[in-house]
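1. I'd like to go over a predicted model; first the sequence, then the structure.
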2 protein chains.
Amino acid sequence: MTIGMQVSLALPDWVRAEVAMDRLYPDRKERMALAIGLSRSNVAHGTGGPFGAAVFDGTGRLLGVGVNQVLTSNCSAAHAEVMALGSSQQNLRRFRLNAEGGPITLATSAQPCAMCYGALIWAGIDEVLIGARSDDVQSLARFDEGPLPADWAGELERRGIAVHRDLGRDEACKVLRDYGESGVVY
Amino acid sequence: MTIGMQVSLALPDWVRAEVAMDRLYPDRKERMALAIGLSRSNVAHGTGGPFGAAVFDGTGRLLGVGVNQVLTSNCSAAHAEVMALGSSQQNLRRFRLNAEGGPITLATSAQPCAMCYGALIWAGIDEVLIGARSDDVQSLARFDEGPLPADWAGELERRGIAVHRDLGRDEACKVLRDYGESGVVY
């Protein structure tokens, strides 16, 4: 085996065709609708798990998007939030998204898992919008969310990251439920 | 701005020249020495923060390595552990490293931060070897480790991941201290 020296993660081709990149997403509802739409499309296209995320600047401009690509990329870190934050950072060519001003918002169709929780802390965002709850993810889609600090939301707030929960929760749960009932869980 | 659809992380060129890829690393001491050596070289080459990691199969074969590439890759997820786990998974073409048997070991020069803590849970490893403690990272190199569950090690053990701490701690701390005293912290 040759030992490769890179981690290469790519979003599926349908993303560029389906996502309106050039419009603005001024309010929370539209931002969350995009994240949930990505989660739904990822399942519909058979390209990964039922999770979507998107990053916006203060004007509502889209900076990057993500869907779960664990299976397709052979990489357990390729969660929707990591894809959205990482592609946004590489699009802006800076590892701290709000280094030149904010607020920067991450919208994610479901509560971040233990890994993505840490990832969003380092990414330089000011606000996270969350659709489905961790319990929804575990009960409806049977994905493990992993161990979080007891006061996970308070820890974010204390670091200057506002947390808005249950946005579009019903729609987000519908995607998780449909996925869970399909029987495809890894 | 064109919105890119990928996250591309690459290790620095010196890694292939310096790391002995073809030998076996049968014991914990040698595995940790490799991880710490990577952390030291990353600082010496000016290619990133003072962190290194490596992944081994049960025979001691090297599966992949990582060093902190946050600055060079413009990506806050490019920590040593994420690079080592992700490159190992892509080398083996599977997202769960121990899917075809173990034990799989991650050696890391310092206690994983909040993000890498979650990342190692999803990666399919059986054992984590840790050099410097979280307190060392924060006091010597002034890196924030982020919020972890109160019983972070117990949570790993309960998920079947054995935790071995303080391996080569003095050597790992020396790298952190030298880096901290250099004044380059992001």
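-> Here it is on my side, so go on.
2. what about the helices in chain A?
-> Using DSSP state H, the helices of chain A run over A:14-18, A:28-44, A:70-73, A:80-92, A:114-122, A:134-136, A:152-158, A:169-182.
3. Which other helices and strands does the longest one contact?
-> It stands for helix A:28-44. Contacts defined by 3 or more C-beta pairs under 8 Å, 6 or more residues apart in numbering or on different chains; DSSP states H and E place helix A:28-44 against helix A:14-18, strand A:52-56, strand A:62-67, helix A:80-92, strand A:105-110, strand A:127-132, helix A:169-182. In short, each C-beta sits where N, CA and C put it, glycine included.
4. Now tabulate the ones you listed in CSV and tack on mean pLDDT and distance to chain B.
-> Converted to CSV, these look like this (pLDDT from 0 to 100; distance: least, C-beta to the nearest C-beta, whole Å):
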stretch, mean pLDDT, distance to chain B
helix A:14-18, 96, 6
strand A:52-56, 98, 10
strand A:62-67, 98, 6
helix A:80-92, 98, 4
strand A:105-110, 98, 12
strand A:127-132, 98, 14
helix A:169-182, 96, 18
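5. Out of these, the one nearest residue B:44 is which?
-> Minimum separation from residue B:44 across those (C-beta to C-beta) falls at helix A:80-92, 25.8 Å.
6. Off-centre distance for that closest one?
-> Centre-to-centre, helix A:80-92 and its host chain are 9 Å apart (C-alpha atoms, centre = their mean, to the nearest Å).
7. How about stretch A:42-57?
-> Computed by C-alpha atoms, centre = their mean, the chain-centroid distance of stretch A:42-57 equals 7 Å.
8. still on that earlier bit, could you dump the helices of chain A into JSON lines and include mean neighbour count and distance to residue B:178?
-> Output for the helices of chain A, formatted as JSON lines (neighbours: other C-beta atoms under 10 Å in any protein chain shown; distance: least, C-beta to C-beta, whole Å):
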{"stretch": "helix A:14-18", "mean neighbour count": "14", "distance to residue B:178": "43"}
{"stretch": "helix A:28-44", "mean neighbour count": "22", "distance to residue B:178": "43"}
{"stretch": "helix A:70-73", "mean neighbour count": "20", "distance to residue B:178": "36"}
{"stretch": "helix A:80-92", "mean neighbour count": "28", "distance to residue B:178": "28"}
{"stretch": "helix A:114-122", "mean neighbour count": "27", "distance to residue B:178": "23"}
{"stretch": "helix A:134-136", "mean neighbour count": "17", "distance to residue B:178": "40"}
{"stretch": "helix A:152-158", "mean neighbour count": "16", "distance to residue B:178": "30"}
{"stretch": "helix A:169-182", "mean neighbour count": "19", "distance to residue B:178": "47"}
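9. so which of those helices comes closest to residue B:85?
-> Of all those, helix A:114-122 comes closest under C-beta to C-beta, at 10.4 Å.
10. And the contacts of the closest one?
-> The contact list for helix A:114-122 (C-beta atoms under 8 Å, 6 or more residues apart in numbering or on different chains) reads A:77, A:79-82, A:85, A:106, A:108, A:112, A:128, A:145-148, A:152, A:156, A:159, A:161, B:76-77, B:113-119, B:121-122, B:146-147.
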